[in-house]
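Participant: sequence and predicted structure below; questions after.
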Amino acid sequence: MYKAENLSKSYISKRKFSQLLKKRDKKKVLNNVNLNIEKGKVIGLLGLNGAGKTSLIKILTTISSYDSGKIYCDDMVVTPKNKIEVRKKINLITGGERNLYWRLSGYENLRYFGTLYNIKALDERIDEVLSIVGLTDSKNIPVEKYSKGMKQRLQIAKGLINNPEYLFLDEPTLGLDVHISKEIRTYIRKLSEDYNKGVLITSHILEEIEEICDYVYVLNRGEIISEGSIADILMEFKKEHSFKITLHSKREMEILKEIMDQESYSYDICSENTINILTLENNELELHRIIRENNLNIMYFIHKPPKLEDIIMEIERR
Ligand SMILES: Nc1ncnc2c1ncn2[C@@H]1O[C@H](COP(=O)(O)OP(=O)(O)OP(=O)(O)O)[C@@H](O)[C@H]1O
C-alpha cells in the first residue's frame, strides 16, 4: 500500500510589486490529505483545475516537498533520506509528448532511461515493457515517426522500465483522440489486473475515471471532499436519475401523468407525449412495471443515470 497521511502543503508567493515587497503570501494547496493506493487497484483523483492534483502527485512521487503529514511506501516512511530507495518502487507517467527523445528509437529511449535506474539485464526488461505496451515491432523506429498513441504507449513503457510497484499517471491521455485514449485505458487496466501495480490516475476525462477506476478521491481546493467507488460518490452527491419517456399518444401521457402525481414522482412535461421523470435512485424497473400494468405504449425510454460530470458541475456550482 502507498499511503498519504494528513499531507499539507503551502506555496509561498511574493506579493505584487505594488504591495509590500517584503511580505510573502502563503497559499495552502493541500490540506490534511489522506489517500491509499492499493496494489492491483486503479485509484482516481478527481478535481477541478487548480484543485491540487498535480501538487499531490509531485509530493507522492518525491519530486516536491510538503509541510506536514506522512507518506508510506509499504511499511517504509518516505523521507528525503530514503527517496532514492522509494523511487525504485514507483514511477510517474505524464500526458503529452514531452520527456521522450524524438530522434532516438523507442528501444534507445528505454535504454537511456533504464540506464538511469542502473537496471541489470536491461535488454530483457526493455523487451518485456515493449511487449506489455505492444511496441515490440516498432522498437527500432525513431520516436518522431510514432503516432500519438504509440508515443503515449512508449511513455507507459518508460514508466514501467524500473518495474515499479506503484504508478502515478498525471493526465495520461492528454491531447489524444478518443480511440487512442481508449487503447491507453486498456493498457492501464492491464497494469493493475495482470501485473498487480497500484495505480493513481488524474484525468479531466471523466469517462476515463468512470471506466477504469476501482476507487476515487475527489479533491477540491486541496481537500478530499469525497471518496469511494464511483457508485458511492454518485450516491453521496445524490444526483438524480432522469427517465425520458415518450408514449404513443397524448391520452396515454395523461394516464402516466396521473399515476406520477399519485405516486409523488417529480417530473417535467416536455411535450404532449413526452415526460421527463426525476428520481433519486434507479427506478427503471418500477417505471417499466407501471407502463406494463397500464398498457401504455412506449416509443422511447431513455434512462440517464447520474455521471461524474454532474458531480464536478455540482462542486463547481457550490
Ligand atoms: N510552484 C508553484 N508556486 C505557487 N503556486 C503553485 C505552484 N504550483 C501550483 N501552484 C498553485 O497550486 C494550486 C494547485 O495547483 P495544481 O497544479 O496542483 O492543481 P491541479 O489540480 O493539478 O490543476 P490542473 O487540473 O489545472 O492541472 C493552484 O492554485 C496553482 O496555481
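Facilitator: Yep, that arrived. Residues are numbered from 1 along each chain as shown.

Participant: for the rest of this, base every contact and every neighbour count on C-alpha atoms.
Facilitator: OK.

Participant: interface residues of the protein facing the ligand?
Facilitator: Residues of the chain found near the ligand (C-alpha under 6 Å from any ligand atom) are Tyr11, Val29, Gly47, Leu48, Asn49, Gly50, Ala51, Gly52, Lys53, Thr54, Ser55.

Participant: what about the fifth one, neighbour count?
Facilitator: Each residue near Asn49 was counted by other C-alpha atoms under 10 Å, and the total is 11.

Participant: now do Val78
Facilitator: Val78 has 23 neighbouring residues, counting by other C-alpha under 10 Å.

Participant: same question for the one 4 residues further on.
Facilitator: Residue crowding around Asn82 was assessed by other C-alpha under 10 Å; the count is 12.

Participant: may I have the phi/psi pair for it?
Facilitator: Recorded main-chain torsions at Asn82 are phi -100, psi 20, according to degrees, to the nearest 10.

Participant: strands along the stretch 151-300 of the chain, start to end?
Facilitator: Shown for the stretch 151-300 of the chain, the strands assigned by DSSP state E, counting those that start in this stretch span residues 166-170, 198-202, 215-220, 223-228, 241-247, 266-271, 274-279, 298-304.

Participant: pLDDT value on the nearest residue to Glu272 once chain neighbours are set aside, please?
Facilitator: Excluding the flanking residues, the one nearest Glu272 by C-alpha to C-alpha, 6 or more residues apart in numbering is Lys250, at 5.5 Å. What the model reports as pLDDT for Lys250 is 92.

Participant: what separation is there between Lys250 and the ligand?
Facilitator: The gap separating Lys250 from the ligand is 48 Å, by C-alpha to the nearest ligand atom, to the nearest Å.

Participant: same deal with Asn140?
Facilitator: Taking C-alpha to the nearest ligand atom as the measure, Asn140 falls 34 Å from the ligand.

Participant: and that residue, what element?
Facilitator: When elements are defined using DSSP states H and E, Asn140 is found to belong to no helix and no strand.

Participant: how many neighbours does the closest residue in space to it that isn't next to it in sequence have?
Facilitator: Once flanking residues are discounted, Asn140 sits nearest to Ser105: 5.1 Å by C-alpha to C-alpha, 6+ apart. Per other C-alpha under 10 Å, the neighbour tally for Ser105 reads 20.

Participant: the chain: helices as residue ranges?
Facilitator: In order along the chain, the chain carries the following helices (DSSP state H): 53-60, 83-87, 106-116, 122-132, 148-160, 178-193, 206-212, 230-236, 250-262, 284-293, 308-317.

Participant: can you redo these as a markdown table with mean neighbour count?
Facilitator: Below are the helices of the chain laid out as a markdown table (neighbours: other C-alpha atoms under 10 Å):
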| stretch | mean neighbour count |
| --- | --- |
| helix 53-60 | 20 |
| helix 83-87 | 16 |
| helix 106-116 | 20 |
| helix 122-132 | 18 |
| helix 148-160 | 24 |
| helix 178-193 | 17 |
| helix 206-212 | 17 |
| helix 230-236 | 16 |
| helix 250-262 | 15 |
| helix 284-293 | 13 |
| helix 308-317 | 14 |
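
Participant: from the ligand, how far out is the residue of the chain most remote from its centre?
Facilitator: Most distant residue from the mean C-alpha position of the chain: Arg251, 46.5 Å away (C-alpha atoms, centre = their mean). Note on Arg251: its distance to the ligand, by C-alpha to the nearest ligand atom, is 50 Å.

Participant: against Glu263, how distant is that residue?
Facilitator: 19 Å (C-alpha to C-alpha, to the nearest Å).

Participant: next one: Leu30
Facilitator: Looking at Leu30 against Glu263, where the rule is C-alpha to C-alpha, the gap reads 46 Å.

Participant: which one's more surrounded, those two?
Facilitator: Neighbour tally, Leu30 and Glu263, criterion other C-alpha under 10 Å: the higher count belongs to Leu30, 26 against 9.
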